[in-house]
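[1] just the structure for this:
(6 chains)
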Number of protein chains: 6
Amino acid sequence: MRPDSAADASEHDSMKISARNVLKGTVVSVDKGSTTAHVKIEISPGQVVTAAITNEAVDSLKLVAGGPAYAVVKASDVMVAVD
Amino acid sequence: MRPDSAADASEHDSMKISARNVLKGTVVSVDKGSTTAHVKIEISPGQVVTAAITNEAVDSLKLVAGGPAYAVVKASDVMVAVD
Amino acid sequence: MRPDSAADASEHDSMKISARNVLKGTVVSVDKGSTTAHVKIEISPGQVVTAAITNEAVDSLKLVAGGPAYAVVKASDVMVAVD
Amino acid sequence: MRPDSAADASEHDSMKISARNVLKGTVVSVDKGSTTAHVKIEISPGQVVTAAITNEAVDSLKLVAGGPAYAVVKASDVMVAVD
Amino acid sequence: MRPDSAADASEHDSMKISARNVLKGTVVSVDKGSTTAHVKIEISPGQVVTAAITNEAVDSLKLVAGGPAYAVVKASDVMVAVD
Amino acid sequence: MRPDSAADASEHDSMKISARNVLKGTVVSVDKGSTTAHVKIEISPGQVVTAAITNEAVDSLKLVAGGPAYAVVKASDVMVAVD
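    Predicted coordinates for the structure are as follows:
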C-alpha cells in the first residue's frame, strides 16, 4: 500500500522478528503514566515480566489485563547474573 | 501446542509489536560474524539502516540481500540530535 | 575546561558518534510527559520515527515542532522483521 | 524458595552481573515522574550519570539523595564519540 | 579500597539492581564468538532465553552449561506483542 | 548535500545529542572481533568503561588506544544498583 511509509506497528499483522526472546503469557496489569506505560505479563505461574512501553503502543495493541500477550526482548538486551 | 513455551521467533507469524518504529525497506547486505551479524536495510533511496542481530536470527528469517525487510526500533532506543 | 567532568550533552557541539544510524529529518511533534518526552521526527515523506527521551534533553536541544533534527540509533538496538 | 519464579530484584541480594560497567557513586537526586524516575548519580567529582528507571525500582532499592549507589550499564549500550 | 573506581562486575557480590526482570534458570549453552557470546538460559520447562553478552562476562561469571543463572532485563528493553 | 540521506556518522561533525551521559576519557584499548569491537575508555583514574560497538564505527571514528574519546549512554540504558 504505502511501500515506503513508516507505519504504525498495528499495520504489520504478520511480522516475524529477529528478537530471539518471545515469551508467551497473560497481561496482569497495565499502568499508564503520562507518556510511558508499565505492562506486566505473567509468562509462567509466578513469573511476571515488566515492560515499559509507550501509552500509544498500549492503545495500538489494545492491551488489557487478562488478555494474551508476548514479552519480546532482543538478545543484546539480556544480561546474565549469578548468585 | 506449547502454550507456555518460549519459542523461536519464526513461529510467531502474525505478531503486532509495541515497537513504534517499523521502517520498511530492502536488505542491502548481510555480514555474518562469528556470533553477531550486521544487516543493512535501505529504507528510502540513499537511507540505509544498520542492524546488529544474531547470526541465528539471520538464518531464522532467511535474510538475504535484495529481499524485503523491516528495521524495527523501540522508541526508547531512539535518540535525537541537532546540528 | 573541565577535562574530567560529565557534561551536559549541549556542551559537546562537535561530536562524531559511533551510532551507525543517523537519520535526518524534521521534528513533527514534541510531547512532554512528567519525566519522559516523545519526539516524532519525519525522516522522509510519510516516514515518522518516534523517540522517547528525557524532558531534560528536549529542553537542552531546544526541540520544537518544525525544527530540523536527527533520529540516532545504535546498530545493536535495531531489529529486523519480515512479513 | 520459589525456584522458578520471577522475583522482585530486591530478593536477589548477592548477584554478580554480566554488565561490564558498574560505576560507584552517590545519589544526587531522585525525580519520580508518573511511571518513570530519573536518578542522578555522581560517580566522581563533577561527573554525574543520569538513569531513567521505574518508580517501582526507586522504591524497591530505597534510593534517596545522599545514599550510595552504582550506575550499571551493559557494554552494548555504550556508544563512543570523538570531537 | 578503590572507592571511586569502575570495577569488574565480579567484585560486586551483593548488588540489588533496579532491573525489574530477573528470571531464574539454568544455563543451557554458552557459545563464545570472537568478542560476543550467546548464552541460553532455560527459565522454565521449554522456555529458553538468549543473552548476547561479552566473552569477558562469560569468563568473569564462570558461566557453563548446567549451571544456575538469572536472565536480567531492564523494563525499558521489553516490548509487548500480540497475535 | 544529501538532505534526506542516512549518512555515516562521520559526516555529522557538529551534533548535539539527547543522550544525557557523555563521559570524557581516554581510549585504553580497542579489541576488534569479527563484527563487534570492544573499546575501553578510562573516564577517571581507575574507572574504565567498556563499549561494544561495530568494527565499522571503530574505523569511522579512527579510535586507537591513547586517543581521547567520550563514552555516551542514553539515560534509559542506565540501571541503578545498591549493595
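[2] all contacts plus neighbour counts: C-alpha atoms, from now on.
    Noted.
[3] is any residue of the longest strand along chain A near chain C?
    Of all the segments of type strand in chain A, defined by DSSP state E, the longest one is strand A:21-32. No: if you take Cα under 8 Å from any Cα of the partner chain as the test, strand A:21-32 misses chain C, and the best it gets is 11.4 Å.
[4] other SSEs contacting that strand?
    Strand A:21-32 makes packing contacts with strand A:36-44, strand A:68-73, strand E:47-54 when contacts are defined by 3 or more Cα pairs under 8 Å, 6 or more residues apart in numbering or on different chains; DSSP states H and E.
[5] let's go with 10 Å and repeat that
    Identification of packing neighbours for strand A:21-32 by 3 or more Cα pairs under 10 Å, 6 or more residues apart in numbering or on different chains; DSSP states H and E yields strand A:36-44, strand A:47-54, helix A:55-60, strand A:68-73, strand E:47-54, strand E:79-82.
[6] in the third one, what counts as buried?
    Just to be clear, that refers to helix A:55-60. Within helix A:55-60, the residues scored as buried using 16 or more other Cα atoms under 10 Å in any protein chain shown are A:55-58, A:60.
[7] and the contacts of it?
    Contacts to helix A:55-60, defined as Cα atoms under 10 Å, 6 or more residues apart in numbering or on different chains, come from residues A:8-11, A:30-39, A:54, A:62-64, B:16-20, E:79-81.
[8] drop anything exposed from the residues you listed.
    A:8-10, A:30-39, A:54, A:63-64, B:16-20, E:79-81.
[9] just checking, residue A:50 touches residue E:74?
    Yes: assessed by Cα atoms under 10 Å, residue A:50 is found in contact with residue E:74 at 8.4 Å.
[10] neighbours of the closest residue to residue A:21 other than its chain neighbours, how many?
    Nearest non-adjacent residue to residue A:21, counting by Cα to Cα, 6 or more residues apart in numbering or on different chains: residue A:73, 5.1 Å away. Neighbourhood size, residue A:73 [other Cα atoms under 10 Å in any protein chain shown]: 26.
[11] quick one: residues contacting residue A:73.
    Counting by Cα under 10 Å, 6+ apart, residue A:73 has contacts A:18-23, A:51, E:49-51, E:73-80.
[12] what about the nearest residue to residue A:75 once chain neighbours are set aside, how many residues nearby?
    Leaving out its chain neighbours, the residue that sits closest to residue A:75 by Cα to Cα, 6+ apart is residue E:51, at 4.7 Å. The tally of other residues near residue E:51 (other Cα under 10 Å) stands at 25.
[13] try residue A:41
    Neighbour count of residue A:41, defined by other Cα under 10 Å: 27.
[14] how about the closest residue to it other than its chain neighbours, what does it touch?
    Nearest non-adjacent residue to residue A:41, counting by Cα to Cα, 6+ apart: residue A:27, 4.4 Å away. Listed by Cα under 10 Å, 6+ apart, the contact set of residue A:27 reads A:39-43, A:48-50, A:63-71, E:80.
[15] give me the buried entries from those residues.
    Buried among the contacts of residue A:27 (16+ other Cα under 10 Å): A:39-43, A:48-50, A:63-64, A:68-71, E:80.
[16] how close does the residue of chain A found nearest chain F sit to chain B?
    Proximity of chain A to chain F (Cα to the nearest Cα) peaks at residue A:77, 9.6 Å away. Relative to chain B, residue A:77 is positioned 11 Å away (Cα to the nearest Cα, to the nearest Å).
[17] over to residue A:49?
    According to Cα to the nearest Cα, residue A:49 and chain B sit 13 Å apart.
[18] again, but for residue A:15
    Distance, residue A:15 to chain B, by Cα to the nearest Cα: 6 Å.
[19] which pLDDT value belongs to that residue?
    We note a pLDDT of 85 for residue A:15 in this prediction.
[20] check residue A:56 too.
    The model reports residue A:56 with a pLDDT of 98.
[21] now swap in residue A:46 and tell me
    Reading off the model, residue A:46 has pLDDT 91.
[22] and it, backbone torsions?
    Main-chain dihedrals, residue A:46, degrees, to the nearest 10: phi 90, psi -10.
[23] cool, residue A:77 as well?
    phi -100, psi 10.
[24] what of residue A:35?
    Phi and psi for residue A:35, reported as degrees, to the nearest 10, are phi -130, psi -30.
[25] quick check: it vs chain E, distance?
    Where chain E is concerned, residue A:35 sits at a distance of 13 Å (Cα to the nearest Cα).
[26] next, the contact list for that residue, please.
    Neighbours of residue A:35 in contact, by Cα under 10 Å, 6+ apart: A:53-56, C:31-38, C:52, D:33-36.
[27] coming back round to it: so what sits against both of residue A:50 and residue E:74?
    With Cα under 10 Å, 6+ apart, residue A:50 and residue E:74 have common neighbours D:54, E:19-21.
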